[in-house]
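Enquirer: turn this into a structure:
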Amino acid sequence: MSAAESLPGAIAPLGFFDPLSLSADKTSGEIKKIREAELKHGRVAMLAFLGILVGESFNPFFDGKITGPAIYQFQQADDLVSYFWVGVLFVIALVEGQNILTGWESPAETNARATGVAELRESYVNGDLGFDPLGLKPTTESDFEVIRTKELNNGRLAMIGVAGIVAQELVNGKGVLENIFG
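Expert: Coordinates of the predicted model:
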């Protein structure tokens, strides 16, 4: 049994799904890093999906000057506000910085290891950055496991959905809502 098989995210009818055995030779630390990346990408994709739908149907920012398919809206924002990238990168840096402080070992611990490669802390729970302003995090371990599995699966679906939306918008130059509702 690989280290990945005991993690949340497996649901019926597939259970643990790794048909190419990509997790077979991985250590528990490597699996933890892969899961952290999967969670981050899933969260970004869920936000992107929501942003695509909202951005194409309702746009209160920039006096409504940003229009059309979502794949071109970031560039439109950058044309209107030349430092838009700086703001986006600043927000990303805040989130990543919090993740580094919360989840990753110190430089001293990394340098003490022969490989010199940073690892996630043993006590760190993937994706738990301590940010829960609405108090939605379950209090029991079993309920937390259910929520983690739901988040992973919704993130996986969002990654596939956003990839499909982007591909469709690149093919015909129309927004997703324009394709659905004509």
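
Enquirer: CA only for contacts and neighbour counts going forward, please
Expert: Fine.

Enquirer: in whichever helix in the chain runs longest, what counts as buried?
Expert: Ranked by residue count under DSSP state H, the longest helix found in the chain is helix 141-172. Using 16 or more other Cα atoms under 10 Å as the burial criterion, the residues of helix 141-172 that qualify are 147-156, 158-159, 161-162, 165-166, 169.

Enquirer: how far out from the middle of the chain is that helix?
Expert: Computed by Cα atoms, centre = their mean, to the nearest Å, the chain-centroid distance of helix 141-172 equals 9 Å.

Enquirer: show me the helices in the protein, by range?
Expert: Under DSSP H, the chain gives helices at 28-57, 73-80, 84-103, 107-112, 141-172, 176-181.

Enquirer: counting by contacts, list what the first one packs against.
Expert: Taking 3 or more Cα pairs under 8 Å, 6 or more residues apart in numbering; DSSP states H and E as contact, the helices and strands that helix 28-57 lies on are helix 141-172, helix 176-181.

Enquirer: worst mean pLDDT among these?
Expert: Looking at the helices and strands packed on helix 28-57, the lowest mean pLDDT belongs to helix 176-181 (a mean of 89).

Enquirer: mind listing residues that contact that one?
Expert: Helix 176-181 has contacts (Cα atoms under 8 Å, 6 or more residues apart in numbering) with 53, 56-57, 69, 165, 168-169.

Enquirer: output these in CSV, with distance to Gly175 appended to each entry.
Expert: Shown next, in CSV, are the contacts of helix 176-181 (distance: Cα to Cα, whole Å):
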residue, distance to Gly175
Leu53, 9
Glu56, 7
Ser57, 9
Pro69, 4
Ile165, 8
Gln168, 8
Glu169, 6
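
Enquirer: where does the protein have its least confident helix or strand?
Expert: helix 176-181 (a mean of 89; mean pLDDT, DSSP states H and E).

Enquirer: can I get it in CSV? Just the C-alpha atoms.
Expert: What follows is helix 176-181, C-alpha atoms only, in CSV (Å, rounded to 0.1, in the frame of the first residue of the first chain):
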residue,chain,number,x,y,z
VAL,A,176,-18.9,30.2,-22.0
LEU,A,177,-22.2,31.8,-21.1
GLU,A,178,-22.6,33.0,-24.7
ASN,A,179,-22.1,29.5,-25.9
ILE,A,180,-24.6,28.1,-23.5
PHE,A,181,-27.4,30.7,-23.8
